[in-house]
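Enquirer: Fold the stuff below for me.
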Amino acid sequence: MEIKTMTNIKSIIRRRSVLAFVFIFGLSLTLGAAIGMTRIAEAAPLQMPVAQIETYAGSDACAQCHENIHTVWVSTRHAQAFSSPIFQRDWDELGSQVRCLESVSYTHL
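Expert: As a prediction, this is how the structure comes out:
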């Protein structure tokens, strides 16, 4: 009798395990399909056009209004980038096009 009870318990556990697997697998498939059918977000259109600058204004133009920031910036590698021959080569190849950050007002340039 004890062997029959153990067999029944194992059978019940196996059945419950299979049911749990089927339930979780089905739930995963359903959620995966729902997530897969959602639309991908699209980037918002630019608020301002990209500035086309004829000549490089230089950091002194910025320093007129942003003296404290310029004082810190002038000692960074970013400030020295324009004097790099590699930067100059790329600058010439790209036609000296500058893309300003959207948060910068183009009237400053």
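
Enquirer: For Asp92, give its distance to Ile12.
Expert: Applying CB to CB, to the nearest Å, the value for Asp92 to Ile12 is 78 Å. Bear in mind the C-beta positions are built from the backbone N, C-alpha and C, glycine included.

Enquirer: Report pLDDT for Thr71.
Expert: Here, the pLDDT recorded for Thr71 equals 91.

Enquirer: quick one: what helix or strand has it in it?
Expert: helix 67-73 (DSSP states H and E).

Enquirer: CA atoms only: put whichever helix or strand comes after that helix into CSV for me.
Expert: Following helix 67-73 in sequence order, the next helix or strand is helix 77-80 (DSSP H and E). Extracted as CSV, the C-alpha positions of helix 77-80 are listed here (Å, rounded to 0.1, in the frame of the first residue of the first chain):
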residue,chain,number,x,y,z
ARG,A,77,41.6,68.6,-24.1
HIS,A,78,38.3,69.6,-25.7
ALA,A,79,39.6,73.2,-26.0
GLN,A,80,42.8,71.9,-27.7
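
Enquirer: Nothing else from me, thank you.
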